[in-house]
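Undergrad: Make a model of this:
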Amino acid sequence: MRNELLSLLSQFNRGEMPVQLFQDGLEDLNKRGIWKHLNPVESKIFNSFFSWYVEMYDPTRPPRPGPVGKLKDTLAHFKGDYRVSLEQLKAKAQETETALTVAARKK
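TA: Predicted coordinates:
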């Protein structure tokens with residue numbers, strides 16, 4: 001199942017998978033118990049990503065444009081109104097894939 005996670009991240013990061021399929025894949029892995037198939041370091045890395053993803057990414061609410069929009073988004077964040085762009089999601093997914101790959105090499 002660990003390899004499925006890496007494959008999902010890799011395909012999304014290379015642009016071979018639309019965001020909706022990526023979201024469905026994450027949800028499926030979560031429901032199937034991905035956590036039981038990761039070592040403690042990998043679990044911590046994935047938990048950090050998954051928690052961020054669940055709390056921050058809402059495709060129906062993209063970031064507001066411009067510096068004023070960014071300020072409004074930052075202020076709204078403190079009120080529980082979360083917005084990140086697809087690019088930020090991809091950057092975080094890339095960071096997670098890299099960290100999981102490095103963690104696997106250290107085993």
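Undergrad: Send over the worst-scoring helix or strand of the chain on mean pLDDT as CSV, restricted to the C-alpha atoms.
TA: Between all helices and strands in the chain, the lowest mean by mean pLDDT, DSSP states H and E belongs to helix 66-77, at a mean of 80. Taking C-alpha atoms only, helix 66-77 is exported to CSV below (Å, rounded to 0.1, in the frame of the first residue of the first chain):
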residue,chain,number,x,y,z
GLY,A,66,-3.3,40.2,-5.5
PRO,A,67,-1.6,41.4,-2.3
VAL,A,68,-4.9,42.6,-0.8
GLY,A,69,-6.4,39.2,-1.4
LYS,A,70,-3.5,37.5,0.1
LEU,A,71,-3.8,39.6,3.2
LYS,A,72,-7.6,38.8,3.4
ASP,A,73,-6.8,35.1,3.0
THR,A,74,-4.2,35.3,5.8
LEU,A,75,-6.7,37.1,8.1
ALA,A,76,-9.5,34.7,7.2
HIS,A,77,-7.2,31.7,8.0
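Undergrad: Can you report how many residues lie near Leu89?
TA: Around Leu89 there are 20 other residues, counting by other Cβ atoms under 10 Å. C-betas here are computed from N, CA, C, even on glycine.
Undergrad: no wait, Arg14
TA: 9.
Undergrad: For it, what are phi and psi?
TA: The phi/psi pair for Arg14 (degrees, to the nearest 10) reads phi -80, psi 0.
Undergrad: And it, what's its pLDDT?
TA: pLDDT recorded at Arg14 is 93.
Undergrad: quick one: contacts for it?
TA: Residues near Arg14 by Cβ atoms under 8 Å, 6 or more residues apart in numbering: none.
Undergrad: what separates it from Glu95, distance-wise?
TA: Distance of Arg14 to Glu95, computed by Cβ to Cβ, to the nearest Å: 15 Å.
Undergrad: before we move on, what about Asp73?
TA: For Asp73, the distance to Glu95 - Cβ to Cβ - is 20 Å.
Undergrad: Also Phe22?
TA: In terms of Cβ to Cβ, Phe22 sits 15 Å off from Glu95.
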